Structure formats: C-alpha cells, structure tokens
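Colleague: I'll drop the sequence and a predicted model, then ask my questions.
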Amino acid sequence: MKIFEEIESEVQSYARSFPRVFNKAQGEYLYDEEGNQYLDFLAGAGTLNYGHNHPVFKEKLLEYVCNDGITHGLDLHTKAKGEFLEAFNEKILKPRNLNYVMQFTGPTGTNAVEAAMKLARNITGRENIIAFTNGFHGVSLGSLAATGNSHHRGAAGVSLSGVTRMPFDGYMGEGIDTTQYLEKVLSDSSSGVDKPAAVIVETVQGEGGINAASFEWLKNLETVCKKHEVLLIVDDIQAGCGRTGTYFSFEPAGISPDIVTMSKSLSGYGLPFAVVLFRPELDQWRPGEHNGTFRGNNMAFVTAKAAIDHFWSDDTFAKQVQAKGAYITERLASIVEKYGEGNFEVRGRGMFQGINCVNGDIAGKITRAAFKQGLIIETSGADDQVVKFLCPLIINEESLKKGIDIVEQAIKEVCAKEDEIPEDQDYFDSLRINKLKAVV
Ligand SMILES: *Cc1c(COP(=O)(O)O)cnc(C)c1O
C-alpha cells in the first residue's frame, strides 16, 4: 500500500522488517490482506502473551462496549478499575505475599518508568539513578537516560543526565559478580558516583539482547541496595506477566523490589496500559503531582481482569509456560550445537529466550529467511545480533515446534551460505542499511 510510503514518517521500524498489510489475527497467527498466514513469534513485541484476540477477553470487552461502559482514561473511579484492582490484589499480590499500592500512569511503558524514577528521586531527595549496561527502559528523556542503546540515545538532542551506568550480570565475563563493583563504589565516598536514589534493573534484558541475570546476582543486588538504603526498581515491563514462567519475573530469585513497573502484556489484549507498584510507605505523592489525561485505560482494565481470572487463578498456566520454556531451551541448545560452530549461544529463561548469532547481519538473514517461510520473528541486542523468541505464551505445542523448525531451517540455510560471503565491512554495512530500508 503506497500510503505508508507517502505520508507515514520514516521513524517506523517493525513495519520495515515485515512489509505486509495485516488485517486479522487470532491466537498465535497473523494474516495479511492477501490472506497469507504468519506464525507470530514477535507477539506485539511482548504485548500479546495471551495471543491475539483471546476469545474470553474479547467477549468481556464486547460486553463492556455494548453496555456503554466508560471508555476514557481519566483517573475517575470506575467499576472496571475497581474490579481490576480487586482481581490484581486477590490473585496476583496476596498469593505472593506482596504488599504494593498501584499507580496508574500514562499508558506506555516509558510512562511507568518515568513515574518510578521520579518517585524514587522525590522520596530520597537524590538525583542519581543506577542503570545497567544494555538496559532498555523506554525513549522519553528520563527513561532514555537509563537506556543504554546508542541508536536511541543519539536521538535525544539534549544531554541525558541523572543516571550512572553499572555493568549488568555477565558483562565482565563469567565468574565476575558485578554487584561487588557497585558495592565498592557506593561504599567509597570518593568513587565519584553520587549516592543514588534507586537502582533500575530488568531481570532479563529484552531489547538489550535477552541477557538473563542469575538469581544469585539479583539477590546480591538487593543486598547492596538495602545496605546503602537505595530503592530497588524492577522494570518488569517485558519480562513480567508470565513471560519467564512466573507472573513477576523476580519471583524465583526470592527478591522483593521496592518499586515495580509493568506494561506490555498487562492488558492481555494489546491495549495500552501501564502501572507502577510500590511499597505503601513509598506512596508520598501529593494528589495530581504526577498527572496525565490517560491514566488507566478502562477497556484495558476489563481485559486485564479477564486475563488474571482466566490464567492466574491457580498455577496451571505458569506450569505450562515453564514446560514450554524447557522445550524451547532444549530445542535451541540442540540447534546451537548443530549449526553454531561454537559461536552461537542460547540466552534467557522461560519463554523469553534468544539465540545470540554473534553479529546482526547473520541474525538479520536468519529472521528474513524465517519470514519467507511465514514466521514473524525479530532480533534484539546492541547490534541486533540476537534472534528473539517471543511467541505468545498460549501457543500450542504444534505451533511452537513449527516456529522453531522454521528458525532451525533458516539457520541451516544461512550458515551454509555464510562461507560464500565476503568478510568485507562495507558489505555488512550495506546489509544493515538494507535491513533498515526493509528489504526482505
Ligand atoms: C518496552 C519496554 C519499555 C518501554 O515501554 P514503551 O511502551 O515502549 O514505552 C520499558 N522497559 C522495558 C523493560 C521494556 O521492554
């Protein structure tokens, strides 16, 4: 369709990797205008953990709309909001012994991160925030300061201040616990690192290349934070809502963050929705101090409550996700062993895994080859070097196998051809530009 080239801004990104016009979706499948079917291993960049148009959520949403339910997003008390809060409290927080209050922010992930960082700074009276190498927290200025990616940071146009970077788990190689470095600089009044208000961390870095922090590292991080009276913010926007095999990604690490940000799959239906959770003592906001017109999304409340009721009333779903995660681990390990020649590497945990293909050119070729076979899958990481498996958690075993088979075939093809390709930097650069220009 020409209209996209004609008047849609050049800033579009995912559309370039999958240049089709989509008009229908169900479960783990997307369909384009010509009726082609695609298996969706991107799932709205992690917003569709429960798949497209889940029939149970759809029914609730239709009922709500048909009954003239409130649709705007102003922070009025609505029945839909009350019912969502009740479901979240009863089925998510209480069974996990978590005592949090909930702040409704603007409906995107970066809004939640901005609110979390602002709250931490206001409470402590400190400006500095510790973020990690390869972290991604959004692209509005406050969040962008905590984001590592130079492509995104480069567009800021102003200095990105108030954040100090520390090495994430594994950044310095195996066997080095980078929390020891954090502990050292926080203990040394001449380290040059100002005492921070908070540390913000993803337990599994999504955009940064599917880097999973070990539970031990997360525990150590919590200990350092407690010792220095620094707030611990877990950004669970992508890793949360069951992606790693538990509702919150930090559960198996046994840590209890002071502040948690959530968005992406929270509504369960791809509807924009974001919240911040924090310990009640931290609720030092004055009324309306952090404002916004769209704080909460009533239609998202309806589908988010449906998602909690349907999938999180007991641990059946979590167990299914864990089992599928184990299958993914096993398959990816065998693929890497067969074709990776000691270079490729499996990363992540649960249904949040990826294959590090060493460089973005190889990973890009793999995802393009997969797309030709009807699989939508993207890359992540500093150089887009990681093929990122982000299929809906509800995917059936047959489709999961099929998707991984397609990637395996694509890797086989690409690796076979790789020997013929000149190791010439200009050539690789031209490929990267082609990727940006959406040549499949
Ligand atoms: C996607 C993401 C964000 C930003 O969310 P937006 O809705 O794109 O603003 C923040 N943190 C993490 C971990 C994310 O994955």
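Modeller: That came through fine.
Colleague: so what's residue 52 closest to, chain neighbours aside?
Modeller: Leaving out its chain neighbours, the residue that sits closest to residue 52 by Cβ to Cβ, 6 or more residues apart in numbering is residue 25, at 3.5 Å. The way it works is simple: take the backbone N, C-alpha and C, and place the C-beta from them, glycine included.
Colleague: Tell me the first helix or strand C-terminal of the host helix or strand of that neighbour.
Modeller: Assigned by DSSP states H and E, residue 25 falls within strand 22-26. Next helix or strand after strand 22-26 toward the C-terminus (DSSP H and E): strand 29-32.
Colleague: List the contacts of stretch 184-196.
Modeller: 126-130, 164, 224, 227-228, 230 (Cβ atoms under 8 Å, 6 or more residues apart in numbering).
Colleague: Among those residues, which one lies nearest to the ligand?
Modeller: Nearest to the ligand, judged by Cβ to the nearest ligand atom, of the contacts of stretch 184-196 is residue 129 at 13.9 Å.
Colleague: could you measure residue 376 against the ligand, distance?
Modeller: 18 Å (Cβ to the nearest ligand atom, to the nearest Å).
Colleague: Give me the pLDDT value at the residue of the chain found nearest the ligand.
Modeller: Residue of the chain nearest the ligand, by Cβ to the nearest ligand atom: residue 109 (2.1 Å). The score at residue 109 is 98. That number is its pLDDT.
Colleague: Count the residues that sit near it.
Modeller: 28 (other Cβ atoms under 10 Å).
Colleague: got it, and residue 211?
Modeller: 25.
Colleague: Quick one: residues contacting the closest residue in space to it that isn't next to it in sequence.
Modeller: Among residues not flanking residue 211 along the chain, residue 205 sits closest, at 4.3 Å (Cβ to Cβ, 6+ apart). Neighbouring residues of residue 205 by Cβ under 8 Å, 6+ apart: 132, 134-136, 168, 211-212.
Colleague: Which of those residues fall in strands?
Modeller: 132, 211-212 (DSSP state E).
Colleague: Let me have these in JSON lines, extended by pLDDT and distance to the ligand.
Modeller: Output for these, formatted as JSON lines (pLDDT from 0 to 100; distance: Cβ to the nearest ligand atom, whole Å):
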{"residue": "132", "pLDDT": "98", "distance to the ligand": "11"}
{"residue": "211", "pLDDT": "98", "distance to the ligand": "12"}
{"residue": "212", "pLDDT": "98", "distance to the ligand": "13"}
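Colleague: Including distance to residue 78, could these go into a markdown table?
Modeller: Conversion of the ones in strands among the contacts of residue 205 to a markdown table gives the following (distance: Cβ to Cβ, whole Å):
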| residue | distance to residue 78 |
| --- | --- |
| 132 | 37 |
| 211 | 39 |
| 212 | 38 |
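Colleague: Show me what from this protein comes close to the ligand.
Modeller: Residues of the chain lying near the ligand by Cβ under 6 Å from any ligand atom: 108-110, 113, 136-138, 202, 206-207, 235, 237-238, 263.
Colleague: Now for the protein, the helix or strand with the poorest mean pLDDT.
Modeller: helix 425-436 (a mean of 43; mean pLDDT, DSSP states H and E).
Colleague: Show me the shaky parts of this protein.
Modeller: Residue ranges of the chain with pLDDT under 70: 419-440.
Colleague: contacting residues around the residue nearest the centre of it?
Modeller: Compute the mean C-alpha point of the chain, and by Cα atoms, centre = their mean the closest residue is residue 238, 2.2 Å away. The contact partners of residue 238, taken as Cβ under 8 Å, 6+ apart, are 45-46, 109, 202, 204, 206-207, 264, 352.
Colleague: Excluding chain neighbours, what is closest to residue 31?
Modeller: That would be residue 24: by Cβ to Cβ, 6+ apart, it lies 4.1 Å from residue 31.
Colleague: thought that neighbour was touching residue 36?
Modeller: No: Residue 24 is not in contact with residue 36 according to Cβ atoms under 8 Å; the separation is 10.6 Å.
Colleague: For the helix or strand hosting residue 223, list every residue counted as buried.
Modeller: According to DSSP H and E, residue 223 maps onto helix 215-227. By neighbour count on 16 or more other Cβ atoms under 10 Å, the buried set for helix 215-227 is 217-218, 220-222, 224-225.
Colleague: now the residues you listed in TSV, with distance to residue 311?
Modeller: Below are those laid out as TSV (distance: Cβ to Cβ, whole Å):
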residue	distance to residue 311
217	29
218	25
220	32
221	29
222	28
224	34
225	31
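Colleague: Which pair of those residues spans the longest distance?
Modeller: The distance between the two most remote of the buried residues of helix 215-227 (Cβ to Cβ) is 12.6 Å, for 217 and 225.
Colleague: Name all residues that make contact with the residue of the chain closest to the ligand.
Modeller: 137-138, 237-238, 261, 263-264, 274.
Colleague: Nearest to residue 330 among those?
Modeller: Nearest member of the contacts of residue 109 to residue 330, counting by Cβ to Cβ, is residue 238, at 23.2 Å.
Colleague: Leaving out chain neighbours, which residue sits closest to that closest one?
Modeller: Counting by Cβ to Cβ, 6+ apart, the residue nearest residue 238 is residue 206, at 3.9 Å.
Colleague: who touches that neighbour in this structure?
Modeller: Contacts of residue 206 (Cβ under 8 Å, 6+ apart): 46, 136, 238-239, 352, 380, 388.
Colleague: Distance of it relative to residue 249?
Modeller: Computed as Cβ to Cβ, to the nearest Å, the residue 206 to residue 249 distance reads 10 Å.
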